[in-house]
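> here is the input, now give the coordinates:
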Amino acid sequence: MRVLIVDDEASIRRTTRIAVETFGHVGVEAPTGKRALALMNDDEFDVCFLDLKLGAEDGLDVLAQLLKAQPNLPVVMFTAFANIATAVDAMRRGAFDFIPKPFTPDQVRVILGKIGKTRALEHRVHALEDQIADESPEVDLESLDPAMKRSLEIAFKAAETPAYILILGPSGTGKSVLARELHRRSRQCEEAFVTVNCPSLSKELLESELFGHVKGAFTGAVGDTHGKVAAADGGTLFLDEIGEMPLEIQPKLLRLLQEREYERVGETKTRRANVRVIAATNRDLEGEVKAGRFREDLFYRLNVITVTLPGLAKRPRDRARMAEGYLTYFTRRLGKAATQFSPEVEAAFATYPWPGNLRELRNVIERAVILSNGEAIIPDDLPEQFGAKAEQGIAVGSSVTLAELETEHIRRILDQAENLDDAAKTLGIDPATLYRKRQKWGLT
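I've put the predicted structure just below:
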């Protein structure tokens, strides 16, 4: 690492530089804050050691200037024992750590080791983020569908407020993706986003997962745990599929929402947490309330801002656009040649009900790209459930115009009939009308 050493005492600078270079790093000396800033303009440093009492300069002022020039620079303050309180104040202002004078080379080594580990973790996080970005298509939270567009407008308006948000919609419609985007747009975006999957655990384990437990609270509780609520303190707690939360836990969640208080399992001490809750479910919560499976007071507490995400079958224009986006993404990622869908595949997509919604659309297209052999995705590249749909093309209830539906119906009748007279009789029109329609739409 390149280490900048800023101190008005030449002996301190020299001693620190020797220690830094002994540990395999590069040390650069600066007697003043002005000289340090000049060096930073010409080069980038990984660490800075800065004296709190820098001659006529105030080390805290220099700290602010250094962090303005390079915001992520770890700055370690040198300070006399009498100024420990000031050094702690410096850490509140952005300093990484401090070393009291007089210090030993071993203290310098320890500090550099801490910074090195922090840098390595940051690099690993960036690498993982890049890997995730490469493995996942870009999140699409735009819509041409009026209902979806309205839902997103409401959600994004509420994102910057502390209001609780309830996201409704079938599985696979992107509820968790929207929840993360709402956190990203919120005032607590720099804090944690913590997810609790309500149906994945038993009542006892879900309560512990949420609120934490103390050692011995139940069989297997071999140590204390803080829980997801504590982990989300100051940030966002996302309760996925809250409609399946056991009734026994619902009063405790209601207390957290209303009073911001809770207790860990096996403990009587009341704890506080400032969390913004976003909940999601594919269930009809009003129906669950009527059936006695969900508390009415909890429902109304969560139901401040409700956002409903329609299924993919109700978003034909979005489906076509997203399908194209997935095709482009997987073609590039998998090194395939497919750049379009054949007309038969487009027809099959238009008539298919998409019960798995966006999740299913992504999986279907990824599979199709893997199996494709040419520039177009064809019916043979689709899963078996699309076989009949690919042959049928347009169907009643498809998101098509009446003219398209009429054209398809006449084409099929012509294919089945022995002659034009029989086709006209089946269609309930005279042969002359059928002839004109055939000419108009190019049917044979």
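> can you give me the strands in the stretch 51-200 of the chain?
53-54, 57-58, 75-80, 97-101, 165-168, 193-197 (DSSP state E, counting those that start in this stretch).
> quick one, which of these is nearest to E248?
With Cβ to Cβ as the measure, strand 193-197 is the member of the strands of the stretch 51-200 of the chain nearest E248 (15.6 Å). Where you see a C-beta, it was placed from the backbone N, CA and C, and this is true even at glycine.
> sorry, back to before: make TSV out of the strands of the stretch 51-200 of the chain and add distance to K117, mean pLDDT and mean neighbour count.
Formatted as TSV, the strands of the stretch 51-200 of the chain follow (distance: least, Cβ to Cβ, whole Å; pLDDT from 0 to 100; neighbours: other Cβ atoms under 10 Å):
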stretch	distance to K117	mean pLDDT	mean neighbour count
strand 53-54	28	86	20
strand 57-58	31	87	15
strand 75-80	14	87	23
strand 97-101	13	86	17
strand 165-168	38	96	24
strand 193-197	25	92	18
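> which one of the ones you listed lies nearest to K290?
K290 sits nearest to strand 165-168 of all the strands of the stretch 51-200 of the chain, at 16.0 Å, using Cβ to Cβ.
> CA atoms only for the closest one, dumped as PDB, please.
This file holds the C-alpha atoms of strand 165-168, laid out as PDB (Å, rounded to 0.1, in the frame of the first residue of the first chain):
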ATOM      1  CA  ILE A 165     -45.800  -0.800   2.500                       C
ATOM      2  CA  LEU A 166     -47.800  -3.900   1.600                       C
ATOM      3  CA  ILE A 167     -47.100  -5.500  -1.700                       C
ATOM      4  CA  LEU A 168     -49.700  -7.900  -3.100                       C
END
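> tell me the gap between it and the middle of its chain.
Distance of strand 165-168 from the chain centroid (Cα atoms, centre = their mean, to the nearest Å) equals 16 Å.
> for it, name the packing helices and strands.
When contacts are defined as 3 or more Cβ pairs under 8 Å, 6 or more residues apart in numbering; DSSP states H and E, strand 165-168 packs onto helix 146-159, helix 175-184, strand 276-281, strand 305-308.
> which is the next helix or strand following the shortest one?
Reading on from strand 305-308 to the C-terminus, the next helix or strand found by DSSP states H and E is helix 316-334.
> so how far is that next one off the chain centroid?
The answer for helix 316-334 is 19 Å, by Cα atoms, centre = their mean.
> same question for stretch 309-318.
For stretch 309-318, the distance to the chain centre is 21 Å (Cα atoms, centre = their mean).
> which residues are in contact with that stretch?
Residues from elsewhere that reach stretch 309-318 (Cβ atoms under 8 Å, 6 or more residues apart in numbering): 143-145, 147-148, 151, 167-170, 172-175, 178, 319, 350, 352-354, 357-358, 360-361, 399.
> so for it, mean pLDDT?
For stretch 309-318, mean pLDDT is 88.
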